[in-house]
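*Asks:* dropping a prediction and its sequence here:
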Amino acid sequence: MCQRLSHRGPDDEGFALVGEDRTVRLFAGDATVEVPRRRLEPIESAFGHSPRVGLCHRRFAIMDPTAAGHQPWYDEEGRILLVFNGEIYNFLELRNELVNAGFGPFQSDSDTEVVVAAYRAWGVRCFERFNGFWSIAIIDISRWRAIFSRDRFGKKPLYFVRNGRNLIFSSEIRSLLVGQTDHSKTLGVNHDAAALYLVFDRRNTLRDCLWDDIEMLPPGSFSEIDLATGAERRNRYWRLDVNRRSEGEIQLDQAVEEFSQHLAESVKLRMRADVPIAANLSGGMDSSSIVAHAQRVLGDERRLETNTMFYQDAPELDERPFASAVAEHVGTDHIELEVSSEQTWEYMDELIEAFEEPVHSAAFMTQWLGWRAIRDRGTKVILHGAAADEIFAGYPYHPDIDDYASLTGFNLKRYLSARPVWDVRAQLRTAKWFGKGRVWPSVSNPLRKVVGLSDRRIFSRNYDPRVFQRWYSPDLLAETAEVLGEFNERFLSVDHDLASRLHADVEWLRVPFWVNAMDKAMMQIPVEVRMPFLDYKLVEYVFSLPVSYVYRHGWTKYILRLAVKDLLPESIVWRKTKVGFTVPKSQWLAKHHEYVKASLNDNRRRLSSYVNVDTMLSNLSAVPSDILWRSVNFAKWLEIFRPAGI
């Protein structure tokens, strides 16, 4: 199991076994660094023993990369054994608090030791004090408990397989597949999850993953397991509460000032590392804001390295002029990285193996290629603008939702403030909504009731049941109708109101999947990607503000624009076009037609239970690009992993 995680931690390796008598033995592996290796037994010497608890750890050293940060960590009193994956950015502040409370002295400069001391001081309440991202396993020997925890947004994965009273856990599914020895577990395809991915493009939503019998600890949760009885108790230590104030309760100027302080502090915390740091820079608001603050943290002593990706065969997606303008204005060392479609398909299998599930987006693949190039230059930490779109209403559908709410609520003043009369394209789109029944479907489009849907997206071909029936197996659609209906109902309940949709995007609809998938991609390299917009204090603050401060007068990310307007060129702050980390997916699918065709044809037998392969192959050009992309990725996943029953 540990060897299967070697890519996640090339810097060190360690093992611990705990017997039924609670005796702890620590061991070294082939990759263990020199200092602990000299004092530890080799793991091979433990073969033949049957411990109650076994832990293994592969380390990617960021904080205190010396041998002092070796794991598993065993405290000096013999009470706590810990393995930890992630970063606690505020560990220095916590360490000072712990020292003042009588804990210490500390033996290292690592955040791992602080996690152990925090648990000793505050028990499971310690997770509420951490600011960072993590998956943690603690063996409390004195209480004979196992405690597991994940960060608030679920960036770091933590999977389980249960065999009666035995529990196997890991950061990755590949490791579980090796450790799983109970043949009563099928570890086959979870059809509900497969349908949610193929039909609605969703993963880790309503179902933990694409594998049967594998579960994931929810974000913002911890679990306590009694090692004597196997009894488990789960708790949520954090939820994103929505208690938005009105404009009368907080003025915009005050909100901008307070938000600016949160953003500056978030970036400053994420600049903590004992290894080199770089930043992705697309030239958009998100990455540019982070880069500006990061360079301010460095001051004149060092220039931040920034990186922009571009595609030679997609000039319409080239953001190099914008990124260069930001880099010059802020004063960074800027590098441009070219990504080609050939590279994407060349590494498709490797990235699907890294994700352990089908690749959601081609943008992941291009970012992964860029991160590889950055890591090859020696950088281990990268700042990234992820989640800003979900928090600040940055996607095109966010204004649409707000416009829809304004029109259905007969709030013409609110609608016109976001879509002025002179915006001809917006007015034409509104007229189209009325004509197609998007605004008052029961009046202008009774067909909706016939097909059993009231979603305003019914006219999008990717949301039309007739499209599903053409491309997907009727047996799959019938078998999974309940979960598809559950998702559709839950989706529709939040998609009529901007505040509700933003909350859903962050808590369950988009962010948990995105950050978890990014972790899989980055740790395959490995490189650590840090996301300042997902500082929980910053997120909580934004969700306490009027939604009109996020989307205002037709401007998405309004409060972010005001907060950084003195740090960036005006052309960037008030830029209307949005590209971001996207790819020319339709062009790439058409260009690599033979690869796509072969992927479907070669996996025809495996794929036929899920996709109408013959229908697709008979007319590939008619398949919507998103459906074709997902089908190809699903086919390759089945080929690579060969789940049980396939």
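*Replies:* Looks like it arrived, so ask away.
*Asks:* now the helices for the stretch 351-500 of the chain?
*Replies:* Across the stretch 351-500 of the chain, reading from the start of the chain, the helices by DSSP state H, counting those that start in this stretch fall at 362-376, 388-392, 397-408, 412-418, 424-436, 441-444, 447-451, 465-471, 474-479, 481-494, 498-504.
*Asks:* tell me the mean pLDDT for the longest one?
*Replies:* Mean pLDDT, taken over the full extent of helix 362-376, equals 84.
*Asks:* likewise for stretch 129-145?
*Replies:* Taken as a whole, stretch 129-145 has an average pLDDT of 97.
*Asks:* compute the first-to-last residue distance for it.
*Replies:* Criterion C-alpha to C-alpha, to the nearest Å; first-to-last residue distance in stretch 129-145 is 21 Å.
*Asks:* list the buried residues in that stretch.
*Replies:* Under the neighbour-count criterion of 16 or more other C-beta atoms under 10 Å, stretch 129-145 has 130-141, 144-145 buried. (Glycine included, C-beta is placed from N, CA and C.)
*Asks:* those in strands, which ones?
*Replies:* Among the buried residues of stretch 129-145, the residues falling in strands (DSSP state E) are 132-140, 145.
*Asks:* residue ranges with poor pLDDT in the stretch 351-500 of the chain?
*Replies:* 419-464 (pLDDT under 70).
*Asks:* one more time with 50
*Replies:* Within the stretch 351-500 of the chain, the ranges that satisfy pLDDT under 50 run 437-462.
*Asks:* which one of the ones in strands among the buried residues of stretch 129-145 sits closest to residue 513?
*Replies:* When those are compared for distance to residue 513, the smallest value, 14.7 Å, is given by residue 133; criterion: C-beta to C-beta.
*Asks:* OK, contacts around that closest one?
*Replies:* The contact partners of residue 133, taken as C-beta atoms under 8 Å, 6 or more residues apart in numbering, are 86-87, 151, 153, 155-156, 515, 534.
*Asks:* now the residue nearest the centre of the chain: which helix or strand?
*Replies:* Geometric centre of the chain, nearest residue: residue 515, 0.9 Å, by C-alpha atoms, centre = their mean. In this assignment (DSSP states H and E), residue 515 forms part of helix 511-523.
*Asks:* so which elements touch that helix?
*Replies:* Helices and strands touching helix 511-523, by 3 or more C-beta pairs under 8 Å, 6 or more residues apart in numbering; DSSP states H and E, are helix 348-355, helix 362-376, strand 528-530.
*Asks:* tell me the most buried of these?
*Replies:* Here the criterion is mean neighbour count by mean count of other C-beta atoms under 10 Å, and of these the winner is strand 528-530, at a mean of 25.
*Asks:* show residues contacting that strand.
*Replies:* Contact with strand 528-530 is made by 60, 62, 87, 270, 371, 380-384, 386, 518-519, 522, as judged by C-beta under 8 Å, 6+ apart.
*Asks:* report the two of these separated the most.
*Replies:* 60 and 386 (19.0 Å).
*Asks:* residue 306 belongs to a strand, doesn't it?
*Replies:* Yes: the assignment for residue 306 by DSSP: H, G, I helix; E, B strand; the rest coil puts it in a strand.
*Asks:* that one: what's it in contact with?
*Replies:* With contact set as C-beta under 8 Å, 6+ apart, residue 306 has these partners: 278-281, 291, 323, 326-327, 332-335.
*Asks:* emit the PyMOL select command for whichever of the residues you listed are buried.
*Replies:* Buried members of those can be picked out in PyMOL with the line below, counting by 16+ other C-beta under 10 Å:
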select buried, resi 278+279+280+281+291+323+326+327+332+334+335
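*Asks:* out of the contacts of residue 306, which are inside strands?
*Replies:* Within those, membership in strands is found for 278-280, 333-335, as judged by DSSP E.
*Asks:* let me know the secondary structure of residue 235.
*Replies:* Put simply, residue 235 is strand when judged by three-state DSSP.
*Asks:* and residue 488, how close does it get to residue 361?
*Replies:* Computed with C-beta to C-beta, to the nearest Å, the distance linking residue 488 and residue 361 is 21 Å.
*Asks:* now do residue 47
*Replies:* In this structure, residue 47 and residue 361 are separated by 43 Å, where distance is defined by C-beta to C-beta.
*Asks:* repeat that for residue 136.
*Replies:* Residue 136 is 29 Å from residue 361, where distance means C-beta to C-beta.
*Asks:* what do you get for residue 261?
*Replies:* 33 Å.
*Asks:* neighbour count winner among these two?
*Replies:* The residue with more neighbours, out of residue 261 and residue 361, is residue 361; 19 against 13, by other C-beta atoms under 10 Å.
*Asks:* can you give me phi and psi for the more buried one?
*Replies:* phi -140, psi 140 (degrees, to the nearest 10).
*Asks:* can you pull the buried residues of stretch 539-559?
*Replies:* 539-552, 554-559.
*Asks:* and it, how far out from the chain's middle?
*Replies:* Taking C-alpha atoms, centre = their mean, to the nearest Å, one finds the center of stretch 539-559 at 22 Å from the center of the full chain.
*Asks:* may I have that stretch as PDB, with CA atoms only?
*Replies:* Once non-C-alpha atoms are left out, stretch 539-559 reads as follows in PDB (Å, rounded to 0.1, in the frame of the first residue of the first chain):
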ATOM      1  CA  VAL A 539     -15.100  32.200   2.600                       C
ATOM      2  CA  GLU A 540     -17.100  32.700   5.700                       C
ATOM      3  CA  TYR A 541     -16.700  36.500   5.400                       C
ATOM      4  CA  VAL A 542     -17.800  36.600   1.800                       C
ATOM      5  CA  PHE A 543     -20.900  34.500   2.500                       C
ATOM      6  CA  SER A 544     -21.800  36.900   5.300                       C
ATOM      7  CA  LEU A 545     -22.100  39.800   2.800                       C
ATOM      8  CA  PRO A 546     -25.000  40.800   0.600                       C
ATOM      9  CA  VAL A 547     -24.900  38.900  -2.600                       C
ATOM     10  CA  SER A 548     -25.200  42.200  -4.400                       C
ATOM     11  CA  TYR A 549     -21.600  43.000  -3.300                       C
ATOM     12  CA  VAL A 550     -20.500  39.900  -5.200                       C
ATOM     13  CA  TYR A 551     -22.500  40.400  -8.400                       C
ATOM     14  CA  ARG A 552     -23.300  44.100  -8.900                       C
ATOM     15  CA  HIS A 553     -24.400  46.200 -11.900                       C
ATOM     16  CA  GLY A 554     -23.500  43.400 -14.300                       C
ATOM     17  CA  TRP A 555     -20.100  42.800 -12.800                       C
ATOM     18  CA  THR A 556     -19.100  39.500 -11.400                       C
ATOM     19  CA  LYS A 557     -16.500  39.400  -8.600                       C
ATOM     20  CA  TYR A 558     -17.400  42.900  -7.800                       C
ATOM     21  CA  ILE A 559     -15.900  43.100  -4.300                       C
END
